[in-house]
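*Asks:* fold the following and give me the result.
(chains A and B, ligands or ions: 2)
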Protein chains: 2
Amino acid sequence: GSELLEQERAKSKIPVEQLSKFLFTQAGLDRKRRILQVLQSEKVFDKSQNYFAGRVDRFETALARAKKLRQLQVKLKWTEEDKQCANELVSEPGPYGLHESMFLITLRNQGTPEQHERFLKKAQNYEYIGCYAQTELGHGSNVRGLETTATWNPEDQTFVIHSPHLTASKWWIGSLGRTANHAVVMAQLIIKGKSYGPHPFVVQIRDMKTHEPLENVHIGDIGPKFGYNTMDNGFLLFNKFKVPHISMLARFSSVDTKTSQYLQPASPSLIYGTLTWVRSTIVLQAGGVLARGVTIATRYCAVRRQFQDRDAQNQVGENQVINYTTVQIRLLTLLAATFALHFTGRGMMELYEANQKKMSQSTGKTGSANRGVGPEETHSGSDLLADLHAVSCGLKSLASSTAVEGLEVCRRACGGHGYSNFSGIGPWYADYLPTATWEGDNYMLTQQVARYLLKSARSVLKGNEPTNDTTAILSNFLSKADIGAAFDVLGKDEDIVAAFAWRSAFLTFEALKHRDEQKKAWNDLLVDFYRLSRAHSQYMVVKNFWETLNSTSFGSDLDADTRTLMLKLFRLYALHTLETEGSEFYSSSAVTVRQIMLARTSAVMKLLEEIRPHAVRLVDAWDFPDWQLDSSLGRYDGKVYEDMFYRASELNPLNAITVDPYPDSETLFKKDESRQFKSKL
Amino acid sequence: GSELLEQERAKSKIPVEQLSKFLFTQAGLDRKRRILQVLQSEKVFDKSQNYFAGRVDRFETALARAKKLRQLQVKLKWTEEDKQCANELVSEPGPYGLHESMFLITLRNQGTPEQHERFLKKAQNYEYIGCYAQTELGHGSNVRGLETTATWNPEDQTFVIHSPHLTASKWWIGSLGRTANHAVVMAQLIIKGKSYGPHPFVVQIRDMKTHEPLENVHIGDIGPKFGYNTMDNGFLLFNKFKVPHISMLARFSSVDTKTSQYLQPASPSLIYGTLTWVRSTIVLQAGGVLARGVTIATRYCAVRRQFQDRDAQNQVGENQVINYTTVQIRLLTLLAATFALHFTGRGMMELYEANQKKMSQSTGKTGSANRGVGPEETHSGSDLLADLHAVSCGLKSLASSTAVEGLEVCRRACGGHGYSNFSGIGPWYADYLPTATWEGDNYMLTQQVARYLLKSARSVLKGNEPTNDTTAILSNFLSKADIGAAFDVLGKDEDIVAAFAWRSAFLTFEALKHRDEQKKAWNDLLVDFYRLSRAHSQYMVVKNFWETLNSTSFGSDLDADTRTLMLKLFRLYALHTLETEGSEFYSSSAVTVRQIMLARTSAVMKLLEEIRPHAVRLVDAWDFPDWQLDSSLGRYDGKVYEDMFYRASELNPLNAITVDPYPDSETLFKKDESRQFKSKL
Ligand SMILES: Cc1cc2nc3c(=O)[nH]c(=O)nc-3n(C[C@H](O)[C@H](O)[C@H](O)COP(=O)(O)OP(=O)(O)OC[C@H]3O[C@@H](n4cnc5c(N)ncnc54)[C@H](O)[C@@H]3O)c2cc1C
Ligand SMILES: Cc1cc2nc3c(=O)[nH]c(=O)nc-3n(C[C@H](O)[C@H](O)[C@H](O)COP(=O)(O)OP(=O)(O)OC[C@H]3O[C@@H](n4cnc5c(N)ncnc54)[C@H](O)[C@@H]3O)c2cc1C
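*Replies:* Ligands and ions are numbered 1, 2, ... in the order given. Got it, this is the predicted structure:
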C-alpha cells in the first residue's frame, strides 16, 4: 500500500501544511505535536488492547488514563486547551468526563461566590468528583416532567431529596456509576407544597473515604451500551435524603431562609447562552468527527485494489477502488461535508462569541424551558440572539446526523475490512452516536427551529424591517415570490446560496400557511417542520462555506490552487445536496427540473473527477496522527494489510486459546493462555 | 407500561393470531413454541450475561451453545427447519455457523459421490468441522483475483496449496479462527503452469486429536469486529501444503490423473442457482430482521410518554411518543416495509423453487463469474432464470440496506434508552450489518441488475417479444413513451404499481442511451446504475406486495378488517417511497409534482393516522417471543423500566467493583467482585 499512497500524494500539489494551518492555526498544530509526544511516552496510554478488552478491563484502563491525564495536567501546567487536545488524542470517553464538563460548568455558572468557595474549589482540585444528574429513567427530553423532588423544610433549613417512583431514578448520568462522590441533581423544588420546577442541587452521594454510597442513596452503573463503555453512566435513587440550604445552586434562584420565599436574583440568560455554545461546539466538532472516518476510508480506498477496469486500456493491475464512481459519490461528497461543517462550526463560534456580551445583558428564559417543545410562543420580534439560538438547534441536528450517517457510509465503503474493529471506524462511530440524541434529540430540536422561523415570518408579514439574516431572506422571498426566481446554480456560485435561501423561505411560508391559515395541529406539522429545519440548516451550511471562501484570511492564507479546489468542494457539497433534496428545490421554483438533472448527471460527476486526484492530500490536511486514528486501514503509510495481520496474530487473546470443537465433548477450552494479554496497569 | 400496552391492544380488533398464521403458517408457529420450550429449559442458553460478557467469554458460551444445539438435534431428531428455528431463537452467530451452512452445502453441491462418501459423511457427523475459505486479505469481491494457488503435481498426484504473499492469506473465514479442522479452500488451479481460475479444495487444517494447526498451515482468529463476536472469523496461510487428488471438489471440473488434463464434466448451473437462493433468503429474512427492531421500538414508543400535547384538550398525563408524527413517519413506514419485504421474499422463494428444475437443465455460468462485475455481456436474450438472478441481486441490496438502516432508525426512535444494549436493537443491528457487504456488496450488486436491464432493453428495442415481466414493462413503456402516462397513484392502487414500473423502464432507457448512444464509460455510469437498480427493486417490492394482496390465500385467510389494514400498509410503503424518491417519478413523467406534494402532505399523513391504532397488534403478529428479543424496551408486557432497572442493578458485573476515584492515588479498583458474574458453563 505504501507506493500507492506515495503516488497519490505525488499526483497533487496541494500544500497540505498550509491547509492544515488554515483549518487549525499553527498554534493548534504545535500543541497537538507537543501533547502527542507526552502521551506516547506514557505506558498507560498504550492503545494496543483497546479493541480487545471487555467492559470491566476497558473501564479500569480508562480510569487509569483519566488519573494520569489529570496528573500530567498538574505536572506540565496544561491549559484547558491542552487538556482538551489530550482528550481528543486519547479518543475515549473517560470516567472524569462529566466532572470536567457539566459538573464544573454548572457549579461555575450557577453557583454564588459562597458556593464557589464551598464546592467549586474542591471540585477543581478533584476532591469532589462530580456528575450532572438531570435525566431520569422516565424523563429525558421533557425536563419539566422530572419526578425527583427537593422539598424545602423551614424547620431545619434543609431540602429533602427524594425519588418517589422507580421512574424517578436518575439514569444515564455520566461518571456517576462508579466514579463520582458528588452530583448536581436536578430536582423539582417544592416549597410549602408548591412546585417551582426543576432546580440544581449539589449533593454528596458517596463517602469521601470508603467511596461507598451514603445511606439512603442507591447508586450503580446502568450497564453496557452500544458504545461509550469506558464511561460509567449511572443510576441514582434517593430515599428522603437531607441536604443543607447551601446545596441549592443560587445564582439564578434561591429560597429565602427566613421567609421560605422563592427568589430570582438574576436572569438566567447565561444558561441560554451555554446551551447555544454547547450546540455550536457540536457543529464544529462534527466536521472533525466525520473527517476521521473520511480519512480512514479515503486512504484505504486508495490502497485497496479490486477488479480490472475493463473499459480502461492501459491499466496495469487492478483498479484502486477509489476510482469507482460509486465509491467517489460516497466518499468525496462526505469529504466536502467535513469542510462545510468545520467552517460552519467556526462561523457559529465566532457569532457566539461576538454576541456573548449582548446576551448576558438581555433577558432570556430558563434553560429547561428552552429544552421544551410544543406550540410556538406567539409574541413576535427577532434579534441576533434568538437567531443564533435557533440556528444552533437546527445545525446541531443536521451536523451530528451528517457525521453519524457519514461515518457508517465510510465504514461500509471499506467493504469487509470496514467491519473489523481494526478499521477504527466502527468503535469511533459507536462512541459518537449518542450525539444525535443528547443536547436535544435531533428530531425534536427541529421544532424549535420551525417555531423560530414561523415567528420570524409573522414579523416579516406584518411589515417589520429585517433585523437579521433570517428575516432578510424571508422578506426577500416575499418581495419576489410572484415574479419567481431564476437562479443560475450551475453557472453562478452566489446563486447557489440564493437558491438555498429561497427554498428555506418558501418552506417557511408554506408551514406558516398550514399553521396560521389552515389551523393545522402542531403535531400534524412535525414532519414538515423537520424538513423545514433541515432545509434552513443546509442553507446555513452553504452560506457559511461560501462566506469562508470570501473571507480575507481565505484569500491571504491559501494559494490559488488550493482556493480553486476549495471552491470545487463547496460546489460539490452544495450541488450534491441540491440534487439529493431535488423535490424541494423544484417545487419551490428555486430551480428547474432540468437544472437538477444536470446537477446530478453532469456537474456533480465532473466535480468528483476533478477532486479525485487531491483526495489523499485533502484528508492529510485534517492532520490526524496515526496514534489518534488507531486504524489499520487509515494508516498514513498505507501498510494496511501488514497492520491487520500484526494485530490479528500478535495482539489477539483469542488466539491463545485452543478449543475442543467436537459436539459430544463437554470440554470447551483445552488450553487458555489468554490472560497474558490483559494489560498490566 | 403494562396498562398502556393493554390499552393499545384493546384499541384494535385485528386478530393477531390469524395474521401470524398468514405470515408463518400454523406449523411454523407450533414449531417455534415447541423449540422455545426446549431451549428455555437448558441452562446453557440462559441469556442474562450476553450483553455484559467480553469477547472470550462470549465465544466460550457460544461454543457451548453450538455443541448443545447439535446434541439436542440428535437427541430430539430435529429437522433442518427445527435447527434453523432454534438458531433464530438463540439469535447469535455460533462457531458451527459456516460448517452447517457453506461447508456442507459446498460438499453436497460440488462433490462427487466418492467425495460425499469420503468427506460429506464425516462432516454431517461433526467429525469434520469445516468452513468456507474464499475471501483473502487482498481479495473479496473479485474472486478471480484470489492469490492462493493449488498447483497440480502429476508426479505424486497431489495439489500443492500455497499462499504466495501476505495478501493471499484467507481472511474473514467464519468458524475457521478456532473451531474448524477442515476448510473448503478456493484456490487458483494451476496445471502445467497454466491457471484455470479459482476452484474448491477440501483441506484438513488442524490435527483431529490435538486440534493444533498442521505443519505448514498458519491459522488464527482475525480479532474483534463491530459485531459477530461470538463467531471466530479466521485467517489461514499455507506454506506449500500438499493435498491428495481427491481434495479437489470434482462435480463440475476436475483434473485427469492420467493425462493431467482439465475436465469439465457438468455445467455449474447449480452454483448459479445457489447464489440466487442465498440472496432470496436474505430478502425474506430482511423483513423479519427489521420487524424485530420495529417491534421493540413500537412497543417502547407506546409505553414511553414525554410532554403534554398542548394542542390536545382532554389529555390526561403525558403523550405517548408514538403519537408524535415524527415518530410515526419513522416507525410506521418501517412497519409497512417489514411486510413488504416479507411478501417479496416469499414471492422470490416461490419463483425460485418453480424455476429450480428448469435451472438445473439449462446452461449457466460459473459461480465466480457471476460474482464478477464489469461491462455487460453483449449477447441478448432474456428468460426467467436470468430475470430471477438479476432481481435477486437488486433485491438483496435493497432489502438488506432497508433492514440495516431501518434498525438504526428504530434504535434512535427510542431516544436515550435506545443506546443501552438492553434495548436489544444495537447488538442485533451490529450482528446483522455484514449482510450489506457479503454475498455481493450492496453497491456492486447493482451493476449486475443494470447490466441485465440494459440487455433486456436492447432486446426489446430490437422488437423481440417480451418473455418475462421485465421485458414486458420495458416494451409497455416504449409503446406509450410518446403519449406519456397519467397514473392516478392517489386514487387507484394498480396505478401505483404501474407508476413504479414506468419509472424503472424510463431509467433503463435513459441508462441505455448513455451507454449505447453516448458511449459513456461503464465507470461513469455506476451512480446511475445504482439508482436504476434501486428503482427496479422498489418496483419489484411494490409489485410483490400488491400481488400478495390479490392472492387467493390473502382473500381466504384474513378477515375484511385485516385486509383493509394490509392495503393501507401497502399504500403507505408505496406512497412514502414514491415521495421520498420524488424527483425520479416526476422526471420520468410517471406522476406530476402536485401528486407528489399531495402524497407527502396528505395521503401519507392520513395513512399514518389510520394505521396508528393498530401498530402494537401489528407488531404482535410478528410473533417474537420475549426470550428471542432479549429486550427491556420491547417486552410484550411493557414492563420496560422495571426490566432496565433489574438488569442494571442485579446482573451488572461493574457494580461489584468499588473504585478509588482520586487522581493522586494509584489504586484503581479497591474491591473487585465482578468475577462472580461470569457464567458457569
Ligand atoms: C451515552 C449517553 C450519555 C448521557 N449522559 C447524560 C448525563 O450525563 N446527564 C444527564 O442528565 N443525561 C444524560 N443523558 C441523557 C440524554 O440527555 C437523554 O437521553 C436525551 O436528552 C434524550 O431524552 P430521552 O431519552 O428522554 O428521549 P425521549 O424524549 O424519550 O425520546 C424518545 C422518542 O420520542 C420522540 N419525542 C419525544 N418527545 C417528543 C416531542 N415532543 N415531539 C416529537 N417527538 C418527541 C423523540 O424524537 C424520540 O424519537 C445521556 C444519554 C446517553 C445516551
Ligand atoms: C462478518 C463477515 C463474515 C464473512 N465470512 C466469510 C466467510 O465465511 N468466507 C469467505 O470466503 N468470506 C467471508 N467474508 C468476506 C466477504 O464475503 C467479503 O468481505 C465481501 O464479499 C466484500 O468483499 P471485499 O471485502 O473484498 O470488498 P471490496 O471489494 O474490497 O470493497 C471495497 C469497496 O470497493 C467497492 N468496489 C469494489 N469493487 C468495485 C467495482 N468493481 N465497482 C464499484 N465498486 C467496487 C465496494 O463497493 C466497496 O465500497 C465475510 C465478511 C464479513 C464482514
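*Asks:* which non-adjacent residue is nearest residue A:671?
*Replies:* Spatial nearest neighbour of residue A:671, excluding adjacent residues (CB to CB, 6 or more residues apart in numbering or on different chains): residue A:658 at 4.1 Å. For glycine as for every other residue, the C-beta is placed from the backbone atoms N, C-alpha and C.
*Asks:* where do the strands of the stretch 251-400 of chain A begin and end?
*Replies:* A:254-255, A:262-263 (DSSP state E, counting those that start in this stretch).
*Asks:* what's the mean pLDDT across stretch A:113-132?
*Replies:* In this model, stretch A:113-132 has a mean pLDDT of 98.
*Asks:* no wait, stretch A:344-358
*Replies:* The predicted model assigns stretch A:344-358 a mean pLDDT of 86.
*Asks:* cool, and stretch A:452-469?
*Replies:* 95.
*Asks:* what are the boundaries of the helices in the stretch 151-300 of chain A?
*Replies:* Assigned by DSSP state H, counting those that start in this stretch, the stretch 151-300 of chain A shows helices spanning A:269-303.
*Asks:* any stretches of it with poor pLDDT?
*Replies:* Low-confidence segments of the stretch 151-300 of chain A (pLDDT under 70): A:266-272.
*Asks:* near ligand 1, which residues of it are found?
*Replies:* A:172, A:173, A:174, A:228, A:233 (CB under 6 Å from any ligand atom).
*Asks:* in chain A, which residue is most central in space?
*Replies:* The residue lying closest to the centre of chain A (CA atoms, centre = their mean) is residue A:282, at 3.7 Å.
*Asks:* quick one: it and residue A:438 touch, right?
*Replies:* No - the pair residue A:282 / residue A:438 is not scored as a contact, 9.3 Å apart, by CB atoms under 8 Å.
*Asks:* relative to chain B, which of the strands of the stretch 251-400 of chain A is closest?
*Replies:* strand A:262-263 (23.1 Å; CB to the nearest CB).
*Asks:* pull the contacting residues for the residue lying closest to residue A:62 once chain neighbours are set aside.
*Replies:* Distances taken as CB to CB, 6+ apart place residue A:230 nearest to residue A:62, at 3.7 Å, with adjacent residues excluded. Neighbouring residues of residue A:230 by CB atoms under 8 Å, 6 or more residues apart in numbering or on different chains: A:58, A:59, A:61, A:62, A:92, A:93, A:94, A:95.
*Asks:* from those residues, pick the one nearest ligand 2.
*Replies:* residue A:58 (22.3 Å; CB to the nearest ligand atom).
*Asks:* surely the closest one is within a helix?
*Replies:* Yes - assessed with DSSP: H, G, I helix; E, B strand; the rest coil, residue A:58 lies in a helix.
*Asks:* three-state assignment of the closest residue to ligand 1 within chain A?
*Replies:* Evaluated by CB to the nearest ligand atom, chain A has residue A:140 as its residue closest to ligand 1, separated by 2.1 Å. Put simply, residue A:140 is coil when judged by three-state DSSP.
*Asks:* ok, it to chain B distance?
*Replies:* Counting by CB to the nearest CB, to the nearest Å, the separation of residue A:140 from chain B is 5 Å.
*Asks:* ok, that residue - how many residues close by?
*Replies:* Residues near residue A:140, counting by other CB atoms under 10 Å in any protein chain shown, number 22.
*Asks:* now swap in the one 5 residues further on and tell me
*Replies:* Here the number of neighbours of residue A:145 (other CB under 10 Å) works out to 20.
*Asks:* verify the stated contact: it with residue B:304.
*Replies:* No - with contact defined as CB under 8 Å, residue A:145 does not count as touching residue B:304 (11.6 Å).
*Asks:* check which residues of the longest helix along chain A are buried.
*Replies:* When chain A is parsed with DSSP state H, its longest helix is helix A:325-361. Neighbour-count burial for helix A:325-361 flags A:325-348, A:351-352, A:355, A:359 (criterion: 16 or more other CB atoms under 10 Å in any protein chain shown).
*Asks:* give the other helices and strands that that helix contacts.
*Replies:* Here helix A:325-361 touches helix A:269-303, helix A:384-413, helix A:526-549, helix A:560-580, helix A:604-611, helix A:615-620, helix B:526-549, going by 3 or more CB pairs under 8 Å, 6 or more residues apart in numbering or on different chains; DSSP states H and E.
*Asks:* and the angle from that helix to helix A:526-549?
*Replies:* 90 degrees (axes from the mean of the first three to the mean of the last three CA atoms, to 10 degrees).
*Asks:* show me what contacts residue A:165?
*Replies:* Counting by CB under 8 Å, 6+ apart, residue A:165 touches A:138, A:147.
*Asks:* same thing but 7 Å
*Replies:* By CB atoms under 7 Å, 6 or more residues apart in numbering or on different chains, the residues touching residue A:165 are residue A:147.
*Asks:* distance-wise, check the residue nearest to residue A:62 relative to residue B:286.
*Replies:* 33 Å (CB to CB, to the nearest Å).
*Asks:* one more: residue A:414?
*Replies:* Applying CB to CB to residue A:414 and residue B:286 gives a distance of 22 Å.
*Asks:* spell out which helix or strand contains residue A:427, please.
*Replies:* helix A:426-432 (DSSP states H and E).
*Asks:* check which helices and strands the helix or strand following that helix sits against.
*Replies:* Going down the chain from helix A:426-432, the next helix or strand is helix A:445-461, by DSSP H and E. Applying 3 or more CB pairs under 7 Å, 6 or more residues apart in numbering or on different chains; DSSP states H and E, one finds that helix A:445-461 contacts helix A:384-413, helix A:469-480, helix A:493-512, helix A:526-549.
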